[in-house]
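Participant: Got a predicted structure here, sequence first:
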Amino acid sequence: MNIAKYNFAYLDEQTKRMIRRAILKGIAVPGYQVPFASREMPMPYGWGTGGVQVTASIIGPSDVLKVIDQGADDTTNAVSIRAFFAKVAEVAVTTHTEEATIIQTRHRIPEAKLTEGQVLVYQVPIPEPLRFLEPRETETRKMHALEEYGLMHVKLYEDIAKHGRIATTYAYPVKVEGRYVMDPSPTPKFDNPKMHMSEVLQLFGAGREKRIYAVPPHTQVVSLDFEDHPFEIQHFEEPCALCGATGVYLDEVILDDKGGHMFVCSDTDNCEDRREHGHRGKLAGHALEAAE
Amino acid sequence: MDTTIEGGFADLVLGAQSVFRAVMEALARPGSVQSIASDAAPPAPLTPELGAVALTLCDHDTLVWLDPVLAANEAVVAWLAFHCGAPLTSDIGAAAFALVSDVTLLPRIDAFGQGTDEYPDRSTTVVLAVGSAAKPVTLKGPGIKDQFSTQLPLPDGDFIEQWAENRARFPRGVDLLLVRAGTVVGLPRTTRISEA
Amino acid sequence: MYVAVKGGEAAIANAHRLLADRRRGDRSVPALRLDQIIEQLGLAVDRTMGEGSLYDRELAALAILQSRGDLIEAIFLVRAYRTTLPRFGYSKPIDTAAMKIERRVSATFKDLPGGQLLGPTFDYTHRLLDPSIAEGAAVDEATARASADEPAPRVTDLLDHQGLIEPDVSEVQDEIGDLTREPLEFPLNRDRRLQALARGDEGFLLALGYSTQRGYGRSHPFVGEIRIGEVEVELDIPELGFAVNLGRIRVTECQMVNKFKGNAKVPPQFTRGYGLVFGQAERKAMAMSLVDRSLRAAELGEDVNHPAQDEEFVISHSDNVQSTGFVEHLKLPHYVDFQGELGLLREMRAEHDVADDAEAYPEAAE
């Protein structure tokens, strides 16, 4: 049995061309979901195959790749995807946001401001923001074509009527450049404002659902809301227990079975960087090394 | 030298990757000049930049339209057939890509495939070889912070009006790549152009 | 002090070592060889090839061994390999009428040209566990009928000659689509639908086919014919000007014949449901042909009311590599989304009962 060698970045060149064409169309029509012939990847559908295909199609030997899942570089799936590219594309990998040229993410946007020259690649499970209101692709496609987004507003308004607020905390729908309603992937709505007029190119890959979409740099990304119920992001009552950061997204960690808990940065790189620069939260102790 | 089999990327994989990144940046940041570091050497009048973009994006799955001069050139047609394998079409509206070797040969923008409201991606990407004569313009739209005043080698005549019509058809419409002298400039359908 | 969870990389490596260990099992038991799997677990190999969409027994056997016998995992391994293979061309349509038949049964005619041939079937076996197999008892050589040299035309062709069944291809297409190279666009043509069904999950299609029999989109099916055997695969080489024989593959074909009352345009006639699968996979081919017919409801002017008639529903959920991936992705961390929901729930509960706030949520007071 003679198993052939895999190509640079795993995908064959024909597949990369197909994905590259889709990426260019996505950039040209911000927020529109471009259908593409997604391939089976050596990791399961739903585990980032869309993001991996996008990254594999853009990455070159001079890139430096960062992969995060839930904001963290050391979550198992992020480790696995980073190791995959280090192996099949022999690229440099990093956990430092500012060193990366490509950042592949699941569910978060880094806290540090991203800069021109970086590309942010999102892993997307369900790219269709209207899917849970209308399960049929044939219908949602028409709704996008006709710019018929009333259903989404009705849903959000029903939230307000029922809960007194818009009860969507992640995958909060946005409108791109005043035209397409887009799913920002299941990032917390906390991150939505970072997508607006960003310095970086944002690419979105949904492998199982076979869609690619994009938001170019300096593009309007507006979270849907109502005049009397404006969009708001989450606020945390306390700072990160490790680095003392405020105004960042925090994960809750349960410490015991008596309701004891703490909040720590979801963005682990940002947290470590702050601690290296001497910032301390109330549970940080002194030695950063002890946490490695 | 056999002009048919020579002149492709020396490194197929990395050649295409680097040209793609330049094209991607060009469309993501309209008006910016991106360098195409490519060793593609197609037979004239197919320029090295047109050849590099074709090698990067065109293949069996893309219908390609050639301007009449390119289409009549056997060496060009044979080179594209050998290196890209892309089927050629004379139906301009059906083409995924159009390669145009001179601004005077550029058809009207609305003659190209515009896509549909349901599938605006099914439109033509026009790759146009331009000269050095540039005119001052101001660009606005996604990818551009505030506005961008620059010099672009755009076609003469009513091109800017045609482009405004193209913009008005959004999300349908044509995307344009201007190539010359080792560089590419992207004008996606979202870009508004006004004469400075 | 709090120590953050670290070491994902080491944890993954250790888990994979443990997996390899468990896969191998007790080292005093001889390791399985691929030829043993190919020879003795042939139907598992066939299913892996069929839903993996790659006709290669050795790779399928390797996938089964590597996946510890988890066939959906094996199918996934084969698919992820297949997708990297270069595409040289598309074969000519295989001719199942010229099949070297190993099994052929029809439920619609007692006898027919070419005859009925039971072949290697579980049908009519009594499902009694056989201890002699466990004891490794010798197995007699089989006596197979000297291969049917008599031509065995397809039952549907026989009906077609009499004009009693719809023609073989009702919608003539210039170009056959390729599900694996182009994005799906609903509604599908039948070519792509059949491609999706051929690689679709056997269990899912079986359940859907069964549902049509129980009244959820009844289609009055008869097994016109099931045939299993080898067919030649030929590739047209334009440079040579003729087709080259690439070899033989075993396939299972099922032609379901369905009652149809006709409508204003079409006289009453039988209609077809079609199933074709790599290897010996009779249950899958039958289920596929039931679902194929059922998905033609709209085309034939029938009401579309039931799950098995709903193309978007069926095709979007028939691929087990897709469905297993997305179901299993729920294992991945969702801390960030969950945190958002936790925060929202706390806010809403706080508002719900302001008075109890301090007691119910002591952390808010910290």
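Facilitator: Now that the structure is in, tell me what you want to look at.
Participant: Secondary structure element for the most centrally placed residue in chain B, which one?
Facilitator: With distances taken as CA atoms, centre = their mean, the residue of chain B nearest its centroid is B:Val127 (1.5 Å). Assigned by DSSP states H and E, B:Val127 belongs to strand B:125-129.
Participant: you'd agree B:Pro107 is up against B:Ala95?
Facilitator: No. In this structure, B:Pro107 is not within contact of B:Ala95 by CB atoms under 8 Å, at 10.6 Å. Yep, even glycine has a C-beta here, placed from its N, CA and C like the rest.
Participant: tell me the contacts of the residue nearest to A:Met143 when sequence neighbours are not counted?
Facilitator: In space, and not counting its chain neighbours, A:Met143 is closest to A:Leu130: 5.9 Å by CB to CB, 6 or more residues apart in numbering or on different chains. A:Leu130 makes contact with A:140, A:143-144, A:149, A:151-152, A:181, according to CB atoms under 8 Å, 6 or more residues apart in numbering or on different chains.
Participant: Between B:Pro107 and B:Ala95, tell me which one has more neighbours.
Facilitator: Comparing B:Pro107 with B:Ala95 by other CB atoms under 10 Å in any protein chain shown, the one with more neighbours is B:Ala95, at 24 against 14.
Participant: quick one on the thing from earlier: kindly provide the distance from the residue nearest to A:Met143 to chain C.
Facilitator: 14 Å (CB to the nearest CB, to the nearest Å).
Participant: possible to save the contacts of A:Leu130 as JSON lines with pLDDT and neighbour count?
Facilitator: As requested, the contacts of A:Leu130 are exported to JSON lines (pLDDT from 0 to 100; neighbours: other CB atoms under 10 Å in any protein chain shown):
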{"residue": "A:Thr140", "pLDDT": "96", "neighbour count": "19"}
{"residue": "A:Met143", "pLDDT": "97", "neighbour count": "18"}
{"residue": "A:His144", "pLDDT": "98", "neighbour count": "23"}
{"residue": "A:Tyr149", "pLDDT": "96", "neighbour count": "18"}
{"residue": "A:Leu151", "pLDDT": "92", "neighbour count": "15"}
{"residue": "A:Met152", "pLDDT": "93", "neighbour count": "18"}
{"residue": "A:Val181", "pLDDT": "98", "neighbour count": "21"}
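Participant: which among these gets closest to C:Arg57?
Facilitator: Nearest to C:Arg57, judged by CB to CB, of the contacts of A:Leu130 is A:Thr140 at 41.8 Å.
Participant: tell me the phi and psi of that closest one?
Facilitator: Reported as degrees, to the nearest 10, the phi and psi values for A:Thr140 are phi -70, psi -30.
Participant: Is it in contact with A:Ile126, as I believe?
Facilitator: No. Applying CB under 8 Å, one finds A:Thr140 not in contact with A:Ile126, separated by 11.1 Å.
Participant: Can you give me the buried ones in the longest helix seen in chain B?
Facilitator: Under DSSP state H, the helix in chain B containing the largest number of residues is helix B:12-28. Residues of helix B:12-28 classed as buried: B:13, B:15-28 (neighbour count, 16 or more other CB atoms under 10 Å in any protein chain shown).
Participant: Mind listing the strands whichever helix or strand comes after that helix pairs with, and their directions?
Facilitator: Toward the C-terminus, helix B:12-28 is succeeded by strand B:34-35 as the next helix or strand (DSSP H and E). Using DSSP bridges, strand B:34-35 pairs in its sheet with strand B:183-187 (antiparallel).
Participant: Next, the angle from the longest helix of chain B to strand B:183-187.
Facilitator: Helix B:12-28 runs at 40 degrees relative to strand B:183-187, counting by axes from the mean of the first three to the mean of the last three CA atoms, to 10 degrees.
Participant: that's a helix at C:Val231, yeah?
Facilitator: No. According to DSSP: H, G, I helix; E, B strand; the rest coil, the state of C:Val231 is strand, so it is not within a helix.
Participant: so who does it touch?
Facilitator: Here C:Val231 is in contact with C:94-96, C:98-100, C:248-249, C:251 (criterion: CB under 8 Å, 6+ apart).
Participant: Filter those down to the ones in strands?
Facilitator: C:100, C:248-249, C:251 (DSSP state E).
Participant: Of these, just say which sits nearest to A:Glu111.
Facilitator: Closest to A:Glu111, out of all of these and judged by CB to CB, is C:Ile249, at 55.3 Å.
Participant: could you measure the residue lying closest to A:Leu283 once chain neighbours are set aside against chain B, distance?
Facilitator: Once flanking residues are discounted, A:Leu283 sits nearest to A:Ala241: 4.1 Å by CB to CB, 6+ apart. Distance, A:Ala241 to chain B, using CB to the nearest CB: 37 Å.
Participant: pretty sure B:Val69 is in contact with B:Asp102, am I right?
Facilitator: Yes. Here B:Val69 reaches B:Asp102: they are 7.1 Å apart, a contact under CB under 8 Å.
Participant: excluding its backbone neighbours, what's nearest the residue in the stretch 101-250 of chain A positioned nearest to chain C?
Facilitator: Nearest residue of the stretch 101-250 of chain A to chain C (CB to the nearest CB) works out as A:Thr169 at 3.1 Å. Among residues not flanking A:Thr169 along the chain, C:Gly340 sits closest, at 3.1 Å (CB to CB, 6+ apart).
Participant: Quick check: the residue of the stretch 51-200 of chain A nearest chain B.
Facilitator: Counting by CB to the nearest CB, the stretch 51-200 of chain A gets nearest chain B through A:Ala145, at 3.9 Å.
Participant: ok, that residue - contacts?
Facilitator: Here A:Ala145 is in contact with B:116-118 (CB under 8 Å, 6+ apart).
Participant: With pLDDT and neighbour count as added columns, please give those residues in JSON lines.
Facilitator: Putting those into JSON lines (pLDDT from 0 to 100; neighbours: other CB under 10 Å) gives the following:
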{"residue": "B:Thr116", "pLDDT": "98", "neighbour count": "13"}
{"residue": "B:Asp117", "pLDDT": "97", "neighbour count": "15"}
{"residue": "B:Glu118", "pLDDT": "97", "neighbour count": "15"}
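Participant: Looking at those, which are in helices?
Facilitator: Per DSSP H, the contacts of A:Ala145 never map to helices.
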